[in-house]
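Colleague: What follows is a predicted structure for the sequence shown.
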Amino acid sequence: MKQIYPLVSLITVNFNGLIYTRAFLKSLEKVSYPNYEVWVVDNASKESIQPLKDEFPQVNFIESKDNLGFAGGNNLAMQEAKGKYFFLLNNDTEPLPDFLEPIIALMEAQPQIGVASSKLKYFNAPDTLQFAGSKGINMYTGRGFSIGYMDSDKPIYATNYKSELAHGAAMLISRAVVEKIGLMAELYFLYYEETDFCERVKKAGFEIWYCGGSTVLHKESMSVGKESPMKTYYLTRNRLIYTRRNSFGLQKLAALLFFFIFSFPKGILKYLIRKDFILLRAFVKGAVWNFTHFNIYKNTGLIIK
């Protein structure tokens, strides 16, 4: 059977990460798939991206005047990109040269698949998995359960199978999905935005799959990232936004009660014991935001050309 090569739009967002973005773009020069375009969205970086524009004239660059976050940056490119598929890739990834053929073949063979994720391995430990599919989010803790996390690569992870969620570092989206449900919700800014998008994809009747033949190396550290006020604020705030948007009835009530009766006091106590009043303030501020913002259900409009 003859292989079909529909146009794929490879999209990444840069924010003060020229070194990573350059390495990412260099890795794409080795891609074996014959029909793709590349889009880089600069999210109002302090450092100029002109050196990248000079070095990679074949790449499409969009310069945002404001930092729109992960969702907003990717949304800008999806509005302009021409591909049948949008492949969102973190700028700190380096895909293997043959990463596109198997995942596009999977999508073409099963049109009910709206989103698919590649196998993610750690760049500095390429036999160690970061992501091989997901079992979903626990609505009470707000934490996800990734398949294969920190495991060595095994034959089972070379197969294709359904997944509850995709990973935002390497997420392939069908244009048909975006035309039906719209772009990602920009109110998240950081964290949970791709998870929320995946829930909307499933509600629209599409499936999410993991493709074991498509491998992307991720330069994210294998250790838990250092806490920061921004990270603490958005993780807390967005966990509650995600719960409010994606649970209903008694489940929503139970999940919110769990947070405010157990998780919230526990978090406060943790920061008090550590005497980390900066993170304490960010944690409380993230939770309180949800008491003053009620219009959280609007998604970015359908503006795909």
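Modeller: Received the coordinates, thanks.
Colleague: What mean pLDDT does stretch 247-256 get?
Modeller: Averaged across stretch 247-256, the pLDDT comes to 92.
Colleague: buried ones in that stretch?
Modeller: Residues of stretch 247-256 classed as buried by neighbour count (16 or more other CB atoms under 10 Å): 247, 255-256. Heads up, the C-betas are built off the backbone N, CA and C, glycines and all.
Colleague: ditto for stretch 41-61
Modeller: 41-43, 45, 49, 52, 56, 59-61.
Colleague: For the buried residues of stretch 247-256, give me a markdown table that also has distance to residue 86 and secondary structure.
Modeller: Shown next, in a markdown table, are the buried residues of stretch 247-256 (distance: CB to CB, whole Å; DSSP: H, G, I helix; E, B strand; the rest coil):
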| residue | distance to residue 86 | secondary structure |
| --- | --- | --- |
| 247 | 28 | coil |
| 255 | 31 | helix |
| 256 | 33 | helix |
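Colleague: Quick check: helices, which of the buried residues of stretch 41-61 are part of them?
Modeller: Here DSSP state H is the test, and the buried residues of stretch 41-61 give residue 52 as lying in helices.
Colleague: Which pair in the buried residues of stretch 41-61 has the greatest spatial separation?
Modeller: 43 and 56 (17.7 Å; CB to CB).
Colleague: Would you map out the domains in the protein?
Modeller: The domain map for the chain lists 8-218, 229-292, with the assignment taken from automatic domain parsing.
Colleague: quick one, which of those domains is nearest to residue 299?
Modeller: Closest among the domains of the chain, once you apply CB to CB, is domain 8-218, at 4.8 Å.
Colleague: which residues are in contact with the longest helix along the chain?
Modeller: Using DSSP H, we find that the single longest helix of the chain is helix 229-246. Around helix 229-246, the neighbours that count as contacts under CB atoms under 8 Å, 6 or more residues apart in numbering are 137, 139, 142, 185, 187-193, 195-196, 199, 225, 252, 255-256, 259, 267, 278-279, 281-283, 285-287, 289-290, 296-297.
Colleague: where does this protein dip in pLDDT?
Modeller: 1-2, 221-225, 300-305 (pLDDT under 70).
Colleague: most centrally placed residue in it?
Modeller: Central residue of the chain (CA atoms, centre = their mean): residue 168, 1.8 Å from the mean position.
Colleague: Isn't it up against residue 71?
Modeller: No - judged on CB atoms under 8 Å, residue 168 makes no contact with residue 71 at a distance of 9.2 Å.
Colleague: Any chance you could list residues touching both of the two?
Modeller: With CB under 8 Å, 6+ apart as the test, residue 168 and residue 71 both reach 193-194.
Colleague: Give me whichever of the domains of the chain is most buried.
Modeller: domain 8-218 (a mean of 19; mean count of other CB atoms under 10 Å).
Colleague: thinking again about what came up before, regarding the closest residue to the residue nearest to the centre of the chain other than its chain neighbours, what is its secondary structure?
Modeller: Residue nearest to residue 168 in three dimensions, not counting chain neighbours: residue 194, with 3.6 Å by CB to CB, 6 or more residues apart in numbering. In three-state terms, and counting by DSSP: H, G, I helix; E, B strand; the rest coil, residue 194 is helix.
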